[in-house]
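Chemist: Let's see this in three dimensions:
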Amino acid sequence: MSSEVKSGNEHPQSYVGFANLPNQVHRKSVKKGFEFTLMVVGESGLGKSTLVNSLFLADLYSDRKIPDAKEKFHKNVKISAKTVEIEERGVKLRLTVVDTPGFGDAINNEDSFQSIVKYIDDQFEKFFHGERGLNRRNITDSRVHCCFYFISPFGRGLKPLDIQFMRQLHQKVNIVPVISRADALTKKEVDDLKKQIRREINDEGIKVYTLPEVDEDEDQEYKEEVRQMKEAMPFAVAGSTTSIEAKGKKLRGRVYPWGVVEIENPEHSDFIKLRNMLITHMQDLQEVTQEVHYENYRLQKLAEEARAGQAELILDHHAGDTATDKEKMKRMLEEKESELRKMQEMMAKMKAEMSMNSSK
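Modeler: Sure thing, here's the model as predicted:
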């Protein structure tokens, strides 16, 4: 049976108009603008500010004061969020960069990530309450969509602090590891360091952001671009906001006694790959934040509220009971929580088995 739509004179109707829907969505999105929050984390002196300014061709740190050694000695991690609106060819991006000055600068860095974890959870909490409000259509999304974690080029892999931080954050945010100041290393040293970092991330069970698989109907050029971006992770970059002249043309880079480092030259740095990854997969980073990290947080909050509500009902019902009875109630609640955990573990196991079966 044919499902072809025909007009009254029996001629096929060749055009309805819904092919314009993507254009309507695009126009609406462009008019509204886009929002994105990027967090940058790493020790001082790794070129975080320079790289961010290089990526977005903006001066986001013009008012920054560089602390001296005495200030660093007593400095705790502080969270600094700065928002800037960038417009390019009529497309507006409201970019928020969350900086973490003081990270890794103290003598004891055991708790240096706690304020970062709290900031990410606080943004989830704001969004969670916004969803329950009356004006849900206009919720301000301040959730962190991506975290550039800067790794020193002068080590032989990840430091204990690097591993500890990523373990604490990988279930809450999309982590993109970045080897900073890559122009301090030879090409072989960069390749060896990348292999070592990949191996350690895998061995430690850390989940960093991975690019989604490319659809079969995508053109070959895009497939190759994504393949190169995947192979480049962790990105080894050099940033610069200085315009220099080399080979008869102006470019951004660094001048050394032995030559010039061009930050947009793929032979010198992964800067272009990192920028392309961020721009072309900005929507995917937002979707993973919504569907994975935030959803985990939301389910956890709902479970906590359910347990709290159940506890309140039971305690209210037995308000006049003796201390012994209240102790029994407490044990009952603990047993209920234990049952809930077992059910969650069973669900996770079933999902894993289903995932394995579907991949065979």
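Chemist: going forward, measure contacts between C-alpha atoms and count neighbours the same way
Modeler: OK.
Chemist: Now do stretch 174-186: distance to the chain's middle.
Modeler: 17 Å (Cα atoms, centre = their mean, to the nearest Å).
Chemist: Now do the buried residues in that stretch.
Modeler: For stretch 174-186, a neighbour-count test (16 or more other Cα atoms under 10 Å) marks N174, I175, V176, P177, V178, I179, S180, R181, A182, D183 as buried.
Chemist: what residue is smack in the middle of this structure?
Modeler: By Cα atoms, centre = their mean, the chain has its centre lying nearest to C146, at 2.1 Å.
Chemist: And it, how close does it get to L278?
Modeler: As judged by Cα to Cα, to the nearest Å, C146 and L278 stand 9 Å apart.
Chemist: can you give me phi and psi for the residue nearest to the centre of the chain?
Modeler: phi -160, psi 140 (degrees, to the nearest 10).
Chemist: which residues touch D219?
Modeler: If you count contacts by Cα atoms under 8 Å, 6 or more residues apart in numbering, D219 has none.
Chemist: Could you find the closest non-adjacent residue to V97?
Modeler: Nearest non-adjacent residue to V97, counting by Cα to Cα, 6 or more residues apart in numbering: L38, 4.9 Å away.
Chemist: Run through who's touching the strand or helix carrying that neighbour.
Modeler: Assigned by DSSP states H and E, L38 belongs to strand 34-41. Outside strand 34-41, the residues that touch it by Cα under 8 Å, 6+ apart are 48, 92-100, 103, 141-150, 282, 286.
Chemist: Please apply the same query to stretch 137-151.
Modeler: Outside stretch 137-151, the residues within contact range by Cα under 8 Å, 6+ apart are 35-43, 46, 48, 120, 123-124, 127, 130-131, 158, 162, 173-180, 285-286, 289.
Chemist: Now with 6 Å, please.
Modeler: 37-42, 123, 130, 174-179, 285-286, 289 (Cα atoms under 6 Å, 6 or more residues apart in numbering).
Chemist: could you dump that stretch to PDB, C-alpha only?
Modeler: Output in PDB follows, covering the C-alpha atoms of stretch 137-151 (Å, rounded to 0.1, in the frame of the first residue of the first chain):
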ATOM      1  CA  ARG A 137      10.800  27.900  30.800                       C
ATOM      2  CA  ASN A 138      13.300  30.700  31.800                       C
ATOM      3  CA  ILE A 139      15.700  28.800  34.000                       C
ATOM      4  CA  THR A 140      19.200  30.200  34.000                       C
ATOM      5  CA  ASP A 141      21.500  27.300  33.300                       C
ATOM      6  CA  SER A 142      24.700  27.900  35.300                       C
ATOM      7  CA  ARG A 143      25.600  24.200  35.400                       C
ATOM      8  CA  VAL A 144      29.200  23.500  34.500                       C
ATOM      9  CA  HIS A 145      29.200  21.900  31.000                       C
ATOM     10  CA  CYS A 146      32.900  21.200  30.600                       C
ATOM     11  CA  CYS A 147      36.000  21.200  32.800                       C
ATOM     12  CA  PHE A 148      39.500  21.700  31.300                       C
ATOM     13  CA  TYR A 149      41.900  20.000  33.700                       C
ATOM     14  CA  PHE A 150      45.400  21.200  33.200                       C
ATOM     15  CA  ILE A 151      48.300  18.800  33.600                       C
END
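Chemist: Just the buried positions in that stretch, please.
Modeler: Counting neighbours by 16+ other Cα under 10 Å, stretch 137-151 gives S142, R143, V144, H145, C146, C147, F148, Y149, F150, I151 as buried.
Chemist: Just these: which are in helices?
Modeler: In helices, judged by DSSP state H, none of the buried residues of stretch 137-151 are found.
Chemist: and those residues, which of them are in strands?
Modeler: C146, C147, F148, Y149, F150, I151 (DSSP state E).
Chemist: quick check, nearest of these to D59?
Modeler: F148 (18.0 Å; Cα to Cα).
Chemist: partners of the strand holding L38, with directions?
Modeler: Note on strand 34-41: by DSSP bridges, its sheet partners are strand 91-99 (parallel), strand 146-151 (parallel).
Chemist: residues in contact with the next helix or strand after it?
Modeler: The helix or strand immediately downstream of strand 34-41 is helix 48-56, counting by DSSP H and E. Helix 48-56 is touched from outside by D59, G239, S240, T241, with contacts defined as Cα under 6 Å, 6+ apart.
Chemist: distance of the closest residue to the second one other than its chain neighbours from R275?
Modeler: Among residues not flanking G239 along the chain, L51 sits closest, at 4.6 Å (Cα to Cα, 6+ apart). Computed with Cα to Cα, the distance linking L51 and R275 is 10 Å.
Chemist: So for those two, which sits in the more crowded spot?
Modeler: Comparing L51 with R275 by other Cα atoms under 10 Å, the one with more neighbours is L51, at 21 against 16.
Chemist: And that one, how far from H281?
Modeler: Separation of L51 from H281 (Cα to Cα): 18 Å.
Chemist: same question, V173
Modeler: 15 Å.
Chemist: between the two, which one's more packed in?
Modeler: The residue with more neighbours, out of V173 and H281, is V173; 26 against 14, by other Cα under 10 Å.
Chemist: For the more buried one, give me phi and psi.
Modeler: The phi/psi pair for V173 (degrees, to the nearest 10) is phi -150, psi 160.
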